[in-house]
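[1] Sequence and predicted structure below; questions after.
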Amino acid sequence: MMEILYKVHNNLYVNLTNKCPCACTFCLRQTMDRVGESGSLWLEREPTAEEVIAAFDNFDMGQFDEVVFCGFGEPTEALPVLLAVAEHVKRTYGKRIRINTNGMGNLIWNRDITPDLTGLADTVSISLNTPNAERYHELVRSRFGDRSFDAMLDFARKCTEHVPQVVMTTVETTISHAEEEECRRICEEIGAVYRIRPWEN
């Protein structure tokens, strides 16, 4: 049975796809196949919107603070399913929705997808990772190459026009404190909240 929905603390996470344009050096899926209380997050195939929506019936939605689109892949790779499921969650449960993303959605779809998130996403959390384009490419190893860093920053800027809260993250211990301060400045300029995530292994 595929693990489409899984609990982490007080939130319910949605695992839509295993596709990702990046091969980040620190990605959890290189060393494990599960997170929190989940089973294996490797999917046999991508679930349909109908399958994801049906999976919510197995949970008491009253116990969750947030529904988070984040699994073993980049959720915007499955954008049509993400949007359909997010609309259902908003309409049926009235829950806050967060999308955890690498910020490559506009490159993946070759268009600006941020207006599609209007009224659906309460928070978009984007992996900033580093303030330096060259170092970013070393860490993230995006198939989109050198344009990835600027495209990710542009995605974040555009999200601020359509989503109430935009968060940009780096991972604790992976960059210096001086680089963290540079990241903080980037976030201030964009209008995003800066968050340093704990290293998980």
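    Cool, got the structure.
[2] Ile99: neighbouring residues, count only.
    24 (other Cβ atoms under 10 Å). In short, each C-beta sits where N, CA and C put it, glycine included.
[3] Please report how far it lies from Gln165.
    Distance check for Ile99 against Gln165: by Cβ to Cβ, to the nearest Å, it reads 11 Å.
[4] For these two, list the residues in contact with both.
    Common neighbours of Ile99 and Gln165 are listed as 123-124 (criterion: Cβ atoms under 8 Å, 6 or more residues apart in numbering).
[5] before we move on, what SS does Ser119 have?
    For residue 119 the amino acid is Gly, not Ser. Gly119 carries the three-state label coil when classified by DSSP: H, G, I helix; E, B strand; the rest coil.
[6] how about the closest residue to it other than its chain neighbours, what does it touch?
    Leaving aside its sequence neighbours, Gly119 sits nearest to Lys90 (Cβ to Cβ, 6 or more residues apart in numbering; 7.6 Å). Counting by Cβ under 8 Å, 6+ apart, Lys90 touches 97, 119-120.
[7] So which of the residues you listed wins on neighbours?
    Ile97 (23 neighbours).
[8] Identify the residues contacting that one.
    Ile97 sits next to 66-69, 86, 89-90, 120-123 when contact means Cβ under 8 Å, 6+ apart.
[9] Please, which helix or strand holds it?
    Using DSSP states H and E, Ile97 sits within strand 96-101.
[10] now Ile108
    Using DSSP H and E, Ile108 falls within helix 105-109.
[11] Tell me where this protein has strands.
    5-8, 11-14, 66-69, 96-101, 123-127, 165-171, 193-197 (DSSP state E).
[12] which non-adjacent residue is nearest the spatially most central residue of the chain?
    Closest residue to the average C-alpha location of the chain: Asn100 at 1.7 Å, with Cα atoms, centre = their mean. Closest residue to Asn100 apart from its sequence neighbours, by Cβ to Cβ, 6+ apart: Cys70 at 3.7 Å.
[13] in this protein, which ranges drop under the pLDDT threshold?
    Applying pLDDT under 70 to the chain flags residues 200-201.
[14] how about the helices in it?
    Along the chain, counting by DSSP state H, helices occupy 49-55, 79-93, 105-109, 133-140, 148-159, 177-190.
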